[in-house]
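**Q** Can you look at this prediction? I've put the sequence above it.
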Amino acid sequence: MAFGLEAISPVEVSLNSPRVEYFDVEASREGIQLHNVLMKEVRDEASKRVLQQQVRAAANFNKKVKVKQFLVGDLVLRESAASQPTITGKFKALWEGPYQVTGVIAPGTYRVSMLDRIPLKNAWNTIHLKKFYQ
């Protein structure tokens, strides 16, 4: 279907095929309108199913997430791959620190500083931090 009309080959037009002879313009328009209405319903149902699947996937993901919360003053280690991604190697340290949490920007996002109170310029997410135990 192109531009709301069904395509007809030149051979069908010249030989008067049954499709051309018995073609009814009104029936064709009604069929196209019905098709459009049904297609809208199909799309609505599909969008509902997609939304339900997204909700299920989010719930499945969220039940596996371990919530880590730090308080101001807690000592934490920072993931070295997040702070220096270009340094690689078998013997590199996986964690750096300890650092002290100096502020909570949002749930899961923290400002940290070195132990001598020099703040780090970036904020850090909990996935890149872990609690330091003395």
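**A** Perfect, thanks for sending it. Residues are numbered from 1 along each chain as shown.
**Q** Surely residue 98 and residue 73 touch.
**A** No. Assessed by CB atoms under 8 Å, residue 98 is found out of contact with residue 73, at 12.0 Å. Heads up, the C-betas are built off the backbone N, CA and C, glycines and all.
**Q** ok, those two, which is more surrounded?
**A** Neighbour count, other CB atoms under 10 Å: between residue 98 and residue 73, residue 98 has more, with 17 against 8.
**Q** Show the subsequent helix or strand relative to the helix or strand in which the more buried one is found.
**A** Assigned by DSSP states H and E, residue 98 falls within strand 95-106. Counting by DSSP H and E, the element after strand 95-106 in chain order, helix or strand, is strand 109-113.
**Q** mind listing what's buried in the lengthiest helix in the chain?
**A** Taking DSSP state H as the assignment, the helix of the chain that covers the most residues is helix 25-62. The neighbour-count check on helix 25-62 (16 or more other CB atoms under 10 Å) flags nothing as buried.
**Q** Please consider this matter closed, and thank you.
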